[in-house]
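I need the structure of the sequence given here:
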Amino acid sequence: MTDTTPARATPGDALRFAFGTLTVLPVRLTRWDRPAARGGMLAAPLAGLAVGAAAAAAGSALLALGSGPLLAAVAAVAVPAVLTRGLHLDGLADVADGLGSGKPADDALRIMKQSDIGPFGVVTLLLVLLAQVAAVSGAYAVSPVRGTLAVLTAAVTARCALTLACRPAVPAARPEGLGAAVAGAVAPRGALAATVVVLASCAAWGALLGPYGPLRTAAAAVAGLLCAELLLRRCVRRFGGVTGDVFGALAETAATAVLVALTLH
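Here you go, the predicted structure:
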């Protein structure tokens, strides 16, 4: 009898899955199976670190050229959109339209699959992008280091929210797409371990902000994950599970919550 169980994913398989599905970086996706999905979603925060580093570099470069914090913030917010082809923002808008429609789950999912954006999506996108730019601008106005760390913390936390959304208790809303590929792929122990690493990393670079820096960055990351979890639960109740759009909405929600939390004193 032939064993058809997929081989265990290597670290390379996991990284290719994470970067191949969550970024537009030229990474060839060689496997699309459960082991690769499991490893890839565990590695999602690493993809976030790469995106965040690129965003922070763009913002810092403009600051160094004398642009001022507002334009630097626009660049730092634009880079993640470019590196994800705007898919996370598109997912946020689609989820807003689906949740705002008030229709049954099947009809709401159908609305989310449409190529156009409705009024709920437009307003949500506008407010979220304004909040992100305002928060990053405020951080850059204090210091380039604060702005850089805010962008990094938001990007890594956003992808950690995706890791947590892949735990077994969360079903897929559709039988196809990214949601179906990764739903339930990450064991609770793995999701917890990834979260601990992310929070520890945020606290570590938060030390650059002074004595209370580690607490502030870690607390902001926790706030981002909690906001994403609330949205996840709402989507599961409303749609019956997760979709690729839901993952995008979770990432943008977590990132925005982190940036807003870091503006508070």
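
list the contacts of the helix or strand of the chain with the lowest mean pLDDT.
Of all helical and strand segments in the chain, the minimum by mean pLDDT, DSSP states H and E falls on helix 177-182, at a mean of 82. By CB atoms under 8 Å, 6 or more residues apart in numbering, the surrounding residues in contact with helix 177-182 are 21, 32, 37, 40-41, 166, 172-174, 241-244, 246-247. Every C-beta, even on glycine, is put in place using the N, C-alpha and C of the backbone.

where in the stretch 1-150 of the chain is pLDDT low?
Across the stretch 1-150 of the chain, the ranges flagged by pLDDT under 70 are 1-5.

all strands of it, in order?
Under the criterion DSSP state E, counting those that start in this stretch, the stretch 1-150 of the chain carries no strands.

and the closest residue to A194 other than its chain neighbours, what does it touch?
Among residues not flanking A194 along the chain, T163 sits closest, at 4.8 Å (CB to CB, 6 or more residues apart in numbering). Applying CB under 8 Å, 6+ apart, one finds that T163 lies in contact with M41, L42, A44, P45, V186, A191, A194, T195.

what do you get for P214?
Counted by CB under 8 Å, 6+ apart, P214 has contacts A203, A204, G206, A207.

the same query, at a cut-off of 6 Å, please.
Going by CB atoms under 6 Å, 6 or more residues apart in numbering, P214 touches A203, G206, A207.

could you pull out the buried residues of the longest helix along the chain?
Longest helix of the chain, by residue count under DSSP state H: helix 213-239. Residues of helix 213-239 classed as buried by neighbour count (16 or more other CB atoms under 10 Å): 213-214, 216-225, 227-229, 231-232, 235-236, 238-239.

same question, stretch 193-203
Result for stretch 193-203 [16+ other CB under 10 Å]: buried residues A194, T195, V198, L199, S201, C202, A203.

the longest helix of the chain: what's the following helix or strand?
helix 244-263 (DSSP states H and E).

send over that next one as PDB, restricted to the C-alpha atoms.
What follows is helix 244-263, C-alpha atoms only, in PDB (Å, rounded to 0.1, in the frame of the first residue of the first chain):
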ATOM      1  CA  GLY A 244      -8.200  35.000   2.200                       C
ATOM      2  CA  ASP A 245     -10.100  38.300   2.600                       C
ATOM      3  CA  VAL A 246     -10.500  37.700   6.300                       C
ATOM      4  CA  PHE A 247      -6.800  37.100   6.600                       C
ATOM      5  CA  GLY A 248      -6.100  40.400   4.900                       C
ATOM      6  CA  ALA A 249      -8.500  42.200   7.200                       C
ATOM      7  CA  LEU A 250      -6.900  40.600  10.300                       C
ATOM      8  CA  ALA A 251      -3.500  41.800   9.200                       C
ATOM      9  CA  GLU A 252      -4.600  45.400   8.600                       C
ATOM     10  CA  THR A 253      -6.600  45.500  11.900                       C
ATOM     11  CA  ALA A 254      -3.700  44.200  13.900                       C
ATOM     12  CA  ALA A 255      -1.300  46.600  12.300                       C
ATOM     13  CA  THR A 256      -3.500  49.600  12.800                       C
ATOM     14  CA  ALA A 257      -4.200  48.700  16.500                       C
ATOM     15  CA  VAL A 258      -0.500  48.400  17.200                       C
ATOM     16  CA  LEU A 259       0.300  51.800  15.600                       C
ATOM     17  CA  VAL A 260      -2.600  53.500  17.500                       C
ATOM     18  CA  ALA A 261      -1.600  51.900  20.800                       C
ATOM     19  CA  LEU A 262       2.000  53.200  20.300                       C
ATOM     20  CA  THR A 263       0.700  56.700  20.100                       C
END
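
for L63, state which of the contacts of P214 is nearest.
G206 (20.1 Å; CB to CB).

chain center to the longest helix of the chain, what's the gap?
Mean C-alpha position of helix 213-239 versus that of the full chain (CA atoms, centre = their mean, to the nearest Å) differs by 11 Å.
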